[in-house]
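Visitor: Based on what follows, work out the 3D shape:
(one chain, ligands or ions: 1)
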Amino acid sequence: MSDISTRYLGLARKAPLVASASPLCESVPNIRELEDAGVGAVVLPSLFEEQLELESSAWDDDLWRGAESYPESQPLLPDLRNYNLGPDGYLDLIEGAKAAVDIPVIASLNGVSPGGWAEYARLMAEAGADAMELNIYSIVTEPAESAVEVEKGYVDLVRQIKRTVRVPVAVKLSPFFSAPANIAMRLDDAGADGLVLFNRFYQPDFDVESLEVVPRLTLSHPDELLLRLHWAAILSDHVEADLAITGGVHSAIDVVKCILAGASVAMMASALLQKGIHHAFSVLTDLHRWLEEHEYDSVRQMCGCMSRRSVPDPTAFERGNYMRGLSSYTSRSGALNH
Ligand SMILES: Cc1cc2nc3c(=O)[nH]c(=O)nc-3n(C[C@H](O)[C@H](O)[C@H](O)COP(=O)(O)O)c2cc1C
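Guide: Down below sits the predicted model:
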């Protein structure tokens, strides 16, 4: 049987499939089931910077009494006190998961600004987290704030967390940078042990009847994987940090593509939420079969075989692909040939 073990964040994983942060990983019984299904690690849902700042702030409960009870000038915040179990419940979840399973448990912090809240990473590590995933989810709406300032904040935050904990730290990133390779390299230099490509953005929708902006969360489609493969194939030649791909991983072939691009692991959330935890077992069974049919002894043997540097035509990842993509459509489309 082929060897599907891998290394991610300096830790041995028995499989290159990781359960990405989602409500599925919010309970110990689910985490145990995910281990039984064969996943290599689990990422717990994120704790938010706002939750942690709230804990340490002097804000009183009036803030949470509802929109009617405080002036319009006050920000309207969702009640985050108990979201994802809240800060105390989160530490209990880490401890419970660590006691229940042997696979690595990765805690997740979601924030953007360097600050006191990042100290919480130390408590997560003390509670037993094997690694940290730092989800930098930022929407910069202030025109005066430049990309240089924003990126410096990210790099400073990673440095701060790295100084705070000894466990490996992965950074979950957005694809929306003018120069993704540059920020990836700077985060790598700042000590990030892993880069997780990429955050999905949950843009709000418009309710045209009530004229309200409403949250909208849709699960992913496998097409979303292509953007991630593209950047993993480019970045794997340039950074020391291990790469993980999240976004559009639904099948064993998707996992194969992630590894070929140079990622150490593929992460899955939507497909598990849609099909159930047992889907992870089917994916890993199919992965074994695929490796045997294609005569690979191990996952590591094929890692990076389709990185930008390894493929015969690297322009496939550059502007050449853009032009080829557009022209391939017109030449295939019968209607356009008439
Ligand atoms: C319901 C739901 C909750 C999620 N919660 C988190 C979270 O707390 N922290 C985080 O970093 N990502 C979170 N994600 C994003 C996933 O971890 C993952 O990166 C994203 O869904 C893309 O992977 P997929 O295509 O396999 O779904 C969540 C996704 C879903 C669908």
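
Visitor: mean confidence for the one helix or strand Lys162 maps to?
Guide: Here Lys162, judged by DSSP states H and E, is contained in helix 147-164. Throughout helix 147-164, pLDDT has a mean value of 94.

Visitor: who's in contact with that helix?
Guide: Here helix 147-164 makes contact (C-beta atoms under 8 Å, 6 or more residues apart in numbering) with 109, 111-114, 118-119, 121-122, 132, 134, 136, 138, 140, 169, 171, 177-178, 183, 186-187, 190-192. (Glycine included, C-beta is placed from N, CA and C.)

Visitor: and Asp88, how far is that from Met124?
Guide: Asp88 sits 12 Å away from Met124, taking C-beta to C-beta, to the nearest Å as the criterion.

Visitor: So which bits of the stretch 151-300 of the chain are right by the ligand?
Guide: Contact residues, the stretch 151-300 of the chain versus the ligand (C-beta under 6 Å from any ligand atom): 172, 200, 219-220, 246-249, 268-271, 273.

Visitor: Show the buried residues in the residues you listed.
Guide: Among these, the ones that count as buried by 16 or more other C-beta atoms under 10 Å are Lys172, Arg200, Ser220, Thr246, Gly247, Gly248, Val249, Met268, Ala269, Ser270, Ala271.

Visitor: Looking at Asp88 and Met124, which one has more neighbours?
Guide: Between Asp88 and Met124, counting by other C-beta atoms under 10 Å, Met124 is the more crowded of the two (25 against 11).

Visitor: Now do the SS call for the closest residue to that one other than its chain neighbours.
Guide: Once flanking residues are discounted, Met124 sits nearest to Ala107: 4.1 Å by C-beta to C-beta, 6 or more residues apart in numbering. Per DSSP: H, G, I helix; E, B strand; the rest coil, the local secondary structure of Ala107 is strand.

Visitor: Any idea what Ala107 is bridged to?
Guide: On the basis of DSSP bridges, Ala107 is bridged to Met132.

Visitor: quick one: contacts for it?
Guide: Ala107 sits next to Leu44, Leu47, Tyr90, Ile94, Ala121, Met124, Ala125, Ala127, Ala129, Ala131, Met132, Glu133 when contact means C-beta under 8 Å, 6+ apart.

Visitor: I'd guess the third one is in a strand, am I close?
Guide: Spelled out, that is Tyr90. No - going by three-state DSSP, the assignment for Tyr90 is helix, not a strand.

Visitor: got a pLDDT number for Tyr70?
Guide: So, for Tyr70, pLDDT stands at 39.

Visitor: could the contacts of Ala107 be laid out in a markdown table, adding distance to Gly304?
Guide: Shown next, in a markdown table, are those (distance: C-beta to C-beta, whole Å):
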| residue | distance to Gly304 |
| --- | --- |
| Leu44 | 28 |
| Leu47 | 33 |
| Tyr90 | 35 |
| Ile94 | 32 |
| Ala121 | 30 |
| Met124 | 31 |
| Ala125 | 30 |
| Ala127 | 34 |
| Ala129 | 28 |
| Ala131 | 22 |
| Met132 | 25 |
| Glu133 | 22 |
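
Visitor: that older thread, just how off-centre is the helix holding Lys162 within its chain?
Guide: 18 Å (C-alpha atoms, centre = their mean, to the nearest Å).

Visitor: Buried residues, the helix or strand that contains Pro87. List them.
Guide: Assigned by DSSP H and E, Pro87 falls within helix 86-100. Buried residues in helix 86-100, counted by 16+ other C-beta under 10 Å: Gly86, Pro87, Tyr90, Leu91, Leu93, Ile94, Glu95, Gly96, Ala97, Lys98.

Visitor: The buried ones among the residues of the stretch 151-300 of the chain next to the ligand into CSV, with extra columns for secondary structure?
Guide: Formatted as CSV, these follow (three-state DSSP):
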residue, secondary structure
Lys172, strand
Arg200, coil
Ser220, coil
Thr246, strand
Gly247, coil
Gly248, coil
Val249, coil
Met268, strand
Ala269, coil
Ser270, helix
Ala271, helix
